[in-house]
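[1] For reference, the sequence and a predicted model appear below.
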Amino acid sequence: MKISLSYKVAIGTFFIAGIGILLVSFLSFIQIRDYVKENMLSSLEYELGEDSKQINKDIETMKKNVKLLINSEQIAAIYRAKNNKYNYDAVSNETFDSLTVKLGKTFKSVLEHSDAYFNIRLIDLSGDELVVSVKDRKGSVIIQKNDALQNKKTRSYFKEAIALAKNDVYISKVELNKEHGVFSIPHIPTIRVAMPVYIDKNLFAILIINANINKLFSILGNNLNEDRKLFIANSDGYYIYNEQQEKTFGFDLGNEYKIENDFSLSAPSYFNGESAFSHKRVYVKKDKYFIFAISTSDRFLKEQSKEYKQKLGVYILIVTMLVALFSLLLMKYLITPFTRLTKQAQDITSGSKAIEFEIIHRNDEIGELSKSLKLMIEKIENSKKEVEQKVEERTKQLHDLNENLEEIVQIKTKENIQQLEAMQEQNKMASMGEMIGAIAHQWRQPLNEIGIAIQNLKYDYEDGLVDKAFLDSFITKNKEIIKFMSSTIDDFRNFYRVDKEKELFDAKDAISKTLSLQMAQLVNNEISIFIDGISFEINGFRNEFLQVILNIINNAKDALIEKKIENAKIEIVLEERSIVIRDNAGGIAEDVLERIFEPYFTTKEQGKGTGMGLYMSKMIIEDNMNAKLSVKNVDDGAEFRMDFNEV
């Protein structure tokens, strides 16, 4: 029976390496438990860090909801009605009572969409509740009637919130909720977020949301296994979350259960016997924080040790096999017969024309390899001739290609330039069509005024009202109308003037100029448009920028008209060198959202869109102005964003 040399080396190396690795593993296993403990503490610290981020994220969401509510038009209308002697708001054409009912319904909608929120209030400067929506024990939302409203001027959260500056946010301590001075049953651990409401720089009221932290903090809904326990304490050390509920809210219920009575807080993480403990402060404001902690039992440590042993056994087997394989390869290079084969192989690679290959006669792999090399040399000689012939043919083809390459590149470049110019012209023509429609709407009213004035001139003459003063007034008024129409044409001409050099221009002024050309169409279609934010300067081609704004506004307008959206609106917000344009037309279908910047791609009916507007807009913003244009769907529509601080 023939046993190969490689097999003999592999067996010997496997046993030697295996014994050595087992010995090293046995000695290192003494430190396994310390390693597992360190790994376990690191895991707890990482988990605390992630949970802390989630708590801050939950509170940030609550703050955003408060900011959204205080900026609602309903509160502004209530302010105007409250300060009107007839309790009437002329802007919305509604009374104070009807406005408070509407705001109550808005609060109700927010409560119904959030399981954590259970109370939203609007409280005026004197502490009187103006609007209150509250969730009862069954989860139903009730809008409080006027006779159930209370005065909260003595409550600490009212005093602190009413003293805040504009845009400052008040976050309360977590405490048990009280109604009419009595703790709610069952107990509701409550956190409050409030902001002052300023209307036209005047402090009007505060808006406050109450939330149940057991539902607000999503981490409390995660199922921890029986070996892990979660604790939350306030800055004074009192438990506000503990599986043993009798230990919570000692400051409200008159007991002294504190986290430091059960655990030491001298170190962030440590082992007490076989149990691990880790804690971290989670700051929700500079002066407010929670103590967040996790403890584990020894069973988890035992499971970790068992898992580590299993992994170690697998690693030992893998490493042993790798060492054996490496040793086998090494030994093959050290065996003497291979030296001869190596020398003969070097002669082959040197390119010598006359190769004398000596076969090694052995009854193992070396002999077989020697015979194979002999056959290989013969095949190489035959293949060499074929390769040389193919190389010669390929060289000729490459030479012919190089001679024509420059001409091909020039032709393709010219075709690409012509195609791009055609695309730009096509987009420009489509935009001009949109603008001509806008001018038609702009001119409709002044033309009607001139027509009516001319028609009335005859009757005024017959009534004897026409004199020099009358004619002067008639001429002056109609000149003003004609001047407005001429100005519209000048704006149109300037809009499509080609900019030769970049210039610094004001973003808000440029947007307002575009809107002035489109306002008649927007008003005619009952589309409201809002522009807000702090302006900034842009260095670029002003007219190209105007065309981008025009494209996006026209797309939003078309979508709102096509879908017959009630209360249609377009919002333009300038923020930190970014321009955001959003509508409430229902958004863009997800299956086409990633394709809307492609050339010739359009979601409009055939004949109503070229598919070039957004493609050219992206090229203008990103290639010509070194910025970024992106789109995404938001709550009730689409949002286009231009970021001028990307580069």
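    Here it is on my side, so go on.

[2] Can you classify the most far-flung residue of the chain relative to its centre by secondary structure?
    Distance to the chain centre peaks in the chain at residue 361, reaching 71.9 Å (criterion: CA atoms, centre = their mean). Assigned by DSSP: H, G, I helix; E, B strand; the rest coil, the conformation of residue 361 is coil.

[3] Tell me the spacing between the closest residue to it other than its chain neighbours and residue 128.
    Nearest residue to residue 361, sequence neighbours excluded (CB to CB, 6 or more residues apart in numbering): residue 367, at 5.9 Å. Glycine gets a C-beta too; all of them are placed from N, C-alpha and C. Applying CB to CB, to the nearest Å, the value for residue 367 to residue 128 is 105 Å.

[4] next one: residue 503
    Taking CB to CB, one finds residue 503 at 55 Å from residue 128.

[5] Where does the prediction get shaky in the stretch 101-250 of the chain?
    221-226 (pLDDT under 70).

[6] quick one: the strands in the stretch 451-600 of the chain?
    All strands of the stretch 451-600 of the chain, identified by DSSP state E, counting those that start in this stretch, fall at 503-506, 528-533, 537-540, 569-575, 578-583.

[7] returning to that earlier point: so the residue farthest from the centre of the chain sits against residue 374, correct?
    No: using CB atoms under 8 Å as the test, residue 361 is too far from residue 374 to be in contact (11.9 Å).

[8] Can you name the residues bridging to residue 123?
    On the basis of DSSP bridges, residue 123 is bridged to residue 129, residue 206.

[9] again, but for residue 571
    For residue 571, the beta-bridge partners under DSSP bridges are residue 530, residue 582.

[10] Can you report how many residues lie near residue 595?
    12 (other CB atoms under 10 Å).

[11] how about it, what does it touch?
    Applying CB atoms under 8 Å, 6 or more residues apart in numbering, we find residue 595 in contact with residue 601.

[12] Looking at per-residue confidence, what score does it get?
    pLDDT recorded at residue 595 is 87.

[13] phi, psi of it?
    phi -110, psi 0 (degrees, to the nearest 10).

[14] how close does it sit to residue 601?
    With the distance defined as CB to CB, residue 595 ends up 5 Å from residue 601.

[15] what does residue 584 give?
    23 Å.

[16] more neighbours, those two?
    Each of residue 584 and residue 601 has its neighbours counted (other CB under 10 Å); residue 584 has more, 22 against 14.

[17] Number of residues surrounding residue 55?
    Neighbours of residue 55 using other CB under 10 Å come to 21.

[18] Give the next helix or strand downstream of the helix or strand hosting it.
    Using DSSP states H and E, residue 55 maps to helix 32-70. From helix 32-70 onward toward the C-terminus, using DSSP H and E, the following helix or strand is helix 73-82.

[19] And whichever helix or strand comes after that following helix, what does it pack against?
    Using DSSP H and E, the helix or strand that follows helix 73-82 in sequence is strand 88-89. In terms of contacts (3 or more CB pairs under 8 Å, 6 or more residues apart in numbering; DSSP states H and E), strand 88-89 is packed against helix 73-82, strand 94-95, helix 96-112.

[20] re earlier: okay, buried residues for the helix holding residue 55 please.
    Residues of helix 32-70 classed as buried: 36-37, 40-41, 43-45, 47-48, 51-52, 55, 58-59, 62-63, 65-66, 69-70 (neighbour count, 16 or more other CB atoms under 10 Å).

[21] Need the winner for burial among the strands of the stretch 451-600 of the chain.
    strand 578-583 (a mean of 22; mean count of other CB atoms under 10 Å).

[22] Compute the inter-axis angle for that one and strand 569-575.
    170 degrees (axes from the mean of the first three to the mean of the last three CA atoms, to 10 degrees).

[23] what sits up against strand 578-583?
    Outside strand 578-583, the residues touching it (CB under 8 Å, 6+ apart) are 507, 511, 549, 552-553, 556, 559-560, 568-574, 634, 637-645.

[24] Can you select the buried ones among those for me in PyMOL?
    The following PyMOL line selects those of those that are buried, judged by 16+ other CB under 10 Å:
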select buried, resi 507+511+549+552+553+556+559+560+568+569+570+571+572+574+637+638+639+640+641+642+643+644
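
[25] Now intersect the contacts of strand 578-583 with the helices, please.
    Using DSSP state H, the members of these that fall in helices are 507, 511, 549, 552-553, 556, 559-560.

[26] Residue ranges in the stretch 501-647 of the chain under the pLDDT threshold?
    Along the stretch 501-647 of the chain, the parts satisfying pLDDT under 70 run over 604-612, 646-647.

[27] could you redo the last one with a cut-off of 50?
    647 (pLDDT under 50).

[28] Could you chop this structure up by domain?
    71-216, 437-643 (automatic domain parsing).

[29] Could you dump those into CSV and include distance to residue 285?
    Shown next, in CSV, are the domains of the chain (distance: least, CB to CB, whole Å):
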stretch, distance to residue 285
domain 71-216, 5
domain 437-643, 23
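
[30] Which among those domains is found nearest to residue 323?
    Nearest to residue 323 among the domains of the chain is domain 437-643; the distance by CB to CB comes to 50.3 Å.

[31] wait, which of the domains of the chain is closest to residue 266?
    Set against residue 266 and scored by CB to CB, the domains of the chain come closest in domain 71-216, at 24.4 Å.

[32] ends of that closest one, how far apart?
    End-to-end span of domain 71-216 (CA to CA, to the nearest Å): 23 Å.

[33] Distance from it to the middle of the chain?
    Per CA atoms, centre = their mean, to the nearest Å, the displacement of domain 71-216 from the mean C-alpha position of its chain is 30 Å.

[34] can you offset everything so residue one is 31?
    Shifting the count to begin at 31 puts that one at domain 101-246.

[35] Hmm, residue 619 is touching residue 663, no?
    No: under the criterion of CB under 8 Å, residue 619 is not in contact with residue 663, lying 9.1 Å apart.

[36] Neighbour count for these two, which is higher?
    Neighbour comparison, residue 619 and residue 663: the larger count goes to residue 663, with 15 against 10 (by other CB under 10 Å).

[37] about what we covered before: can you get me a residue count around the residue nearest to residue 391?
    Residue 397, neighbours per other CB under 10 Å, totals 14.

[38] for residue 405, same thing?
    Neighbours of residue 405 (other CB under 10 Å): 9.

[39] now residue 181
    13.

[40] quick one: residue 347 and residue 70, what's the gap?
    With CB to CB as the criterion, residue 347 and residue 70 are 26 Å apart.

[41] no no, residue 297
    15 Å.

[42] What of residue 202?
    For residue 202, the distance to residue 70 equals 35 Å [CB to CB].

[43] do residue 139 as well
    Per CB to CB, residue 139 is found 45 Å from residue 70.

[44] Kindly report the same for residue 239.
    As for residue 239, its distance to residue 70 is 38 Å (criterion: CB to CB).

[45] Likewise for residue 422?
    For residue 422, the distance to residue 70 - CB to CB - is 69 Å.

[46] what do you get for residue 226?
    Per CB to CB, residue 226 is found 47 Å from residue 70.

[47] what do you get for residue 210?
    Residue 210 sits 48 Å away from residue 70, going by CB to CB.
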